[in-house]
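Enquirer: here is the input, now give the coordinates:
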Amino acid sequence: MPGKEVRGRLTVVEKKDTLGAMIRGIELPGLRATLDHLDYSPFLWGGPHKRHAFVYYITIANDSPHTVTLQGRKWVLTSPLGKKTVIEGDGIVGERPRLRPGDRFHYHSYHLVGGRAWVEGSYFGIDESGRWIVVRIPGFALEPPLIEPSNAKEESAEAEG
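Expert: Next up is the predicted model:
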């Protein structure tokens with residue numbers, strides 16, 4: 001079962017990957033992700049089932065004493081009715097950023113959704129000692145400016161990102 005434990009100043013996170021294998025990662029104090037800005041963008045279009053686009057701007061800050069290399073990400077989008085869409089992939093916008101102590105990595109990307117959704121996730125990678133690390137992405141809401149009454153059924157939280 002996924003969970004976390006605290007050992008001294010390090011938090012060890014356990015989760016299963018997409019093949020069911022258990023992954024353990026360490027949350028390093030001082031290594032964090034923050035949502036800098038979120039924009040609704042009516043100009044991006046994902047078709048009739050993903051018609052709402054949100055561009056997010058994130059900073060990953062390494063104020064830990066360790067050099068880390070981020071190798072991938074996982075997003076979980078949850079609709080108001082609890083339907084989950086999981087997006088996993090290698091790299092972050094095509095990069096595997098290496099962050100020395102004090103470094104920052106800024107990027108932006110987007111999610112396409114059919115309606116309201118709650119988004120959260122994590123980045124994963126390794127530190128200079130080869131330990132698996134996890135950086136949690138703080139959760140945030142995707143709220144389209146208007147959902148038409150004719151689409152009162154659950155709208156999909158499918159996304160890109």
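Enquirer: pLDDT wise, what is the residue nearest the centre of the chain at?
Expert: Geometric centre of the chain, nearest residue: residue 121, 3.4 Å, by CA atoms, centre = their mean. In this model, residue 121 is scored at 92, pLDDT.
Enquirer: quickly run through the sheet partners of the strand or helix carrying it, with directions.
Expert: If you go by DSSP states H and E, residue 121 is part of strand 117-127. Paired neighbours of strand 117-127 in the sheet (DSSP bridges): strand 68-78 (antiparallel), strand 132-142 (antiparallel).
Enquirer: thought residue 35 was touching residue 57?
Expert: Yes. Residue 35 is within contact range of residue 57, at 7.4 Å (criterion: CB atoms under 8 Å). Using the backbone N, CA and C atoms, a C-beta is placed for each residue, glycine as well.
Enquirer: buried sites along stretch 72-84?
Expert: 73-79 (16 or more other CB atoms under 10 Å).
Enquirer: okay if I get the residues you listed as CSV plus pLDDT?
Expert: Shown next, in CSV, are the buried residues of stretch 72-84 (pLDDT from 0 to 100):
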residue, pLDDT
73, 94
74, 93
75, 93
76, 93
77, 93
78, 93
79, 90
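Enquirer: quick check, nearest of those to residue 128?
Expert: Distance to residue 128, by CB to CB, is smallest for residue 73 among those, at 20.5 Å.
Enquirer: beta partners for residue 59?
Expert: With DSSP bridges as the rule, residue 59 is bridged to residue 34, residue 106.
Enquirer: in TSV, list the strands paired with strand 117-127 along with distance to residue 91.
Expert: What follows is these, written out as TSV (distance: least, CB to CB, whole Å):
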stretch	distance to residue 91
strand 68-78	6
strand 132-142	14
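Enquirer: of all those strands, which one is nearest residue 89?
Expert: strand 68-78 (6.0 Å).
Enquirer: and residue 133, what does it touch?
Expert: 25-28, 31, 66, 68, 124-127 (CB atoms under 8 Å, 6 or more residues apart in numbering).
Enquirer: could you dump those to JSON lines with distance to residue 40 and neighbour count?
Expert: Formatted as JSON lines, these follow (distance: CB to CB, whole Å; neighbours: other CB atoms under 10 Å):
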{"residue": "25", "distance to residue 40": "32", "neighbour count": "21"}
{"residue": "26", "distance to residue 40": "35", "neighbour count": "18"}
{"residue": "27", "distance to residue 40": "31", "neighbour count": "19"}
{"residue": "28", "distance to residue 40": "33", "neighbour count": "21"}
{"residue": "31", "distance to residue 40": "29", "neighbour count": "24"}
{"residue": "66", "distance to residue 40": "36", "neighbour count": "19"}
{"residue": "68", "distance to residue 40": "32", "neighbour count": "24"}
{"residue": "124", "distance to residue 40": "29", "neighbour count": "19"}
{"residue": "125", "distance to residue 40": "30", "neighbour count": "23"}
{"residue": "126", "distance to residue 40": "35", "neighbour count": "17"}
{"residue": "127", "distance to residue 40": "36", "neighbour count": "19"}
